[in-house]
Structure formats: structure tokens, C-alpha cells
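Chemist: What shape does this take:
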Amino acid sequence: MTVIEKITEINDIVKKIFEFTQTNAQVKADFDEYLATIGARNISLERMEKIFLPYVFERRIGEKSILDMFKEENGASPILESFIKAQSSIFEIKKILKNGFELYNLVNEKTYTVLSLTKMTSFRGIYAGQFIAARIFELDGEYYIIEISSVLSHSQKEEAYRYAVMKLVHTPRLLYLDNPEKEEEIKSTISEMYSKFIKTFDKDIILTTNKHADDIIGAFNEGEEVDLSDKGCDIEAYKFFHVRELDNNYSNFLENSMGGFSSHNETYDVAVIFDEKNGLYAIPFYQTFCKVFENKDEVENAKGCVEYFLTNDSIPNTILDRVSTQYSNFMDVVNEFMGTSYNYEELIKRYKSDYLENKIYSSATILFCSNAFSEIFDYISEPKPQQPVVMGKVGRNEPCPCGSGKKYKNCCGGK
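Modeler: The predicted structure follows:
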């Protein structure tokens, strides 16, 4: 099959999916509600197509995606399976090609040559050096671009990298999705850091508090000696409570996260754990969680703590494995609080299925290995230069008052 034939077949499937959203009663009702929610009831067909694609790829009705529902009604096909596996990311445009683009994925650090499903004249105003939020998919060894949701200029590089880091914070495995070379790099980094952690601390877990966790992790990352004698878990009364700084969905989360655990006024326990296979974890309230199984009546909001460890997507099944092995009453206490009668395997399948179905490395390790995170961290951590105060007129050929050493006309005078 030629590329033209493939593109025709792909576009035919897209049309059928659109027709499905208009003929399937359940989906049409949901799509109409979706349009009403975003204020797009009476819109042109051209705008409808732009709204339709993200709806199809991202919307779920109950436990099923729109594509899964289409598959149930119309059967499977290679193209549909490719759509289901499509990846949405932020890309830097490296080249404009005759029939597509050369794109660098800021999230998984891989370069793609992608073919366009429409004429390249549709992309007037898009140039090399810009950033695009786009969706691509692979079919028979070739990549196609099916959607561009936004375009950022070269001057918006910081915003593009912020977007990439937010994607990684939400879904860490995107760093190595479709990039086995990057995954091998991550594995090698974990192996080296695990050996270093054991050599430094002579154990794989450190029980401390939020007041010391940042110092311990920072010193370890910098290769400095760490004195743990005054950094123990000196909690007098264990209790679980919500810590806003641990959320990753509030505005300016990157700047807030730089404050680390210690930015919260109240003291709580933190376990710094290095898993040999999955990387470095900093687990808030780990010791509080353990105390629940020693004497739940002595832990304030013990039930909230159990629910937190079960439902928090950033806490892997290996952490629960560690605690359940340590305490024989683990399932009895969990079932009592949750009102269930699970065995351990059923519990993990219910709450940590994502970890069973996918290889997921720790978020801290992913960010440590991410070029996008390093880039945006530099943006945030570097002091912002103050605008020079110019007293009187400065000659064009005089030294610039900002102290750069350049002539004024070649520096601030040229801006």
C-alpha cells in the first residue's frame, strides 16, 4: 500500500469515527453535552473538526474511551489500534518537509519524521523553530500527525518546556514511551544511584521529616557527605493531614515545588527510599502509615492515611509490598478501614493496576533523567537580571550600563 493509499484509508476511518459520534445515541448525547460545556454549540464544520479530534482521543464515557466504543461497534483495524496508541506531546519543529515535519519530542527526547494527512498548505504560518502541541501515531513503521492543538513561537520556549515537564509529572513513563534508548539510560542511572545510595547510607530507606528530607536528597544528589544523626524521624504524635505542597495540579507548581517538603509549616514524617529497580522515592507519611498497623488508635486520621496510600497514583505497589511484608495484620486493618474483604493480590489489582500493567519508574528518577526538567529548572533557579537604571542619556558607542561589557547599541540600546 502506498503512502497516498494509507492516508486515504486513515482519513476514511476518521470520517467514520466522526459519523459514529453523530449516530451512536450515547456518544452523540455526550458529544452535544461536551460542545455545550465548552460553549461551542453553533459552530462551523471546520471548527467542529478541531474540537472533534481531542474529544475522540481524550474523552471517556464511564470506563470506556470513545475509540474503544467505536471499536466495539465497528470492529478492530490496524489504523484504529494505532489511534488508540497515539501520543500527545509538545514538539519542537526541526524541519518543514515536503509532505510533513521533522519533530523533536520535548517529553521523550526522540526525533520523529511525521507525514501530514492533509496538504502542507494547511500549515501556513508554522515554521521551523516553533513549538507545537500535537498528536502523532505510528502505522507500519511510519509516523503521521493527526492533530495540532496549539502553536508556540520560539520566544515561548520556557512555556513549551513547562508543558513538557507537566506532562512528565502527570505521567512519568512518557519519558521513555516509544524510546527504548532513553529507558536504558534510566535503568543505568538507577543502577549507579542505587549503589551510591547503599554505599552512602548502608541501607535503602531513611526515616526523617519534611524539615530534613530536602537536605538529605540534595546532599545525596550532589555527592556530599550526609550526617543523619540530627535528621531522624523525631515525630512525637503521628497524624495524617493534607499537604497542599504535595499537589501537582495548582498554578506555578514548579516554583512551589522548589520549596520542597520543608516549605510546609507543620512537621510530618518522610521516608527517603531507594528501590533497586524503580529508583528514588520520597514518601510523605510513610512512618505514619506504618504506625497504623502497630496501633491504629494512636494515629490521628488513620483511615485517611490508608486511603491516601491506596489511591495516590504516585505511590507504587512496591511501597505497599514493603509495608505488608513487615506487618502481618496489614490486610485486616486495610479491609477494616475500607469496608472490603480483599486479599493482597486483589487489593493491588484494584488500586495499583497501572503499576502491574506498565513499567513505571519513580517520578524523582524520571525528572532527574529528563532534559526538559533540567532546562526548566535552570529557568526557574537562575536569578532574573534586573533592568538597568539609566541616569541621563547613554551614547550608542558607550559601554552599556547593565555591565555586560558590550556597547550600548549592541546590548540594551538595541532592544
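
Chemist: Now for the most centrally placed residue in the chain: which residues touch it?
Modeler: Ranked by distance to the mean C-alpha position of the chain (Cα atoms, centre = their mean), the top residue is residue 168 at 2.2 Å. Counting by Cβ atoms under 8 Å, 6 or more residues apart in numbering, residue 168 makes contact with 107, 174, 175, 363, 366, 367, 370, 372, 373. All C-beta atoms are positioned from the backbone trio N, CA, C, and that covers glycine.

Chemist: Which residues are in contact with the residue lying closest to the second one once chain neighbours are set aside?
Modeler: The reference is to residue 174. In this structure, residue 174 finds its nearest non-sequential neighbour in residue 107, 5.0 Å apart by Cβ to Cβ, 6 or more residues apart in numbering. Taking Cβ under 8 Å, 6+ apart as the criterion, residue 107 is in contact with 89, 90, 164, 167, 168, 174, 175, 372.

Chemist: In strands, which of the residues you listed fall?
Modeler: Applying DSSP state E to the contacts of residue 107, the entries found in strands are 89, 90.

Chemist: Pull the most distant pair out of the contacts of residue 107.
Modeler: Distances among the contacts of residue 107 were taken as Cβ to Cβ; the most separated pair is 90 and 175, at 13.1 Å.

Chemist: can you give me the helices for the stretch 51-200 of the chain?
Modeler: 66-74, 78-84, 157-170, 180-201 (DSSP state H, counting those that start in this stretch).

Chemist: show me what contacts residue 7?
Modeler: Listed by Cβ under 8 Å, 6+ apart, the contact partners of residue 7 are 115, 117, 144.

Chemist: average pLDDT across stretch 87-105?
Modeler: Per-region confidence: stretch 87-105 scores 97 on mean pLDDT.

Chemist: Tell me the buried residues in that stretch?
Modeler: By 16 or more other Cβ atoms under 10 Å, the buried positions in stretch 87-105 come out as 87, 88, 89, 90, 91, 92, 93, 100, 101, 102, 103, 105.

Chemist: Go ahead and confirm the last one touches residue 111.
Modeler: Read that as residue 105. Yes: look at residue 105 against residue 111 with Cβ atoms under 8 Å: they come within range, at 7.4 Å.

Chemist: Quickly name whichever of the buried residues of stretch 87-105 is closest to residue 40.
Modeler: For residue 40, the closest of the buried residues of stretch 87-105 turns out to be residue 88, at 20.1 Å, with distances computed as Cβ to Cβ.

Chemist: pLDDT score assigned to residue 11?
Modeler: Listed pLDDT for residue 11 reads 93.

Chemist: List the contacts of the closest residue to it other than its chain neighbours.
Modeler: Nearest-residue entry for residue 11: residue 117, 6.0 Å, with adjacent residues in sequence omitted and distances by Cβ to Cβ, 6+ apart. Applying Cβ under 8 Å, 6+ apart, we find residue 117 in contact with 7, 10, 11, 14, 144, 145, 146.
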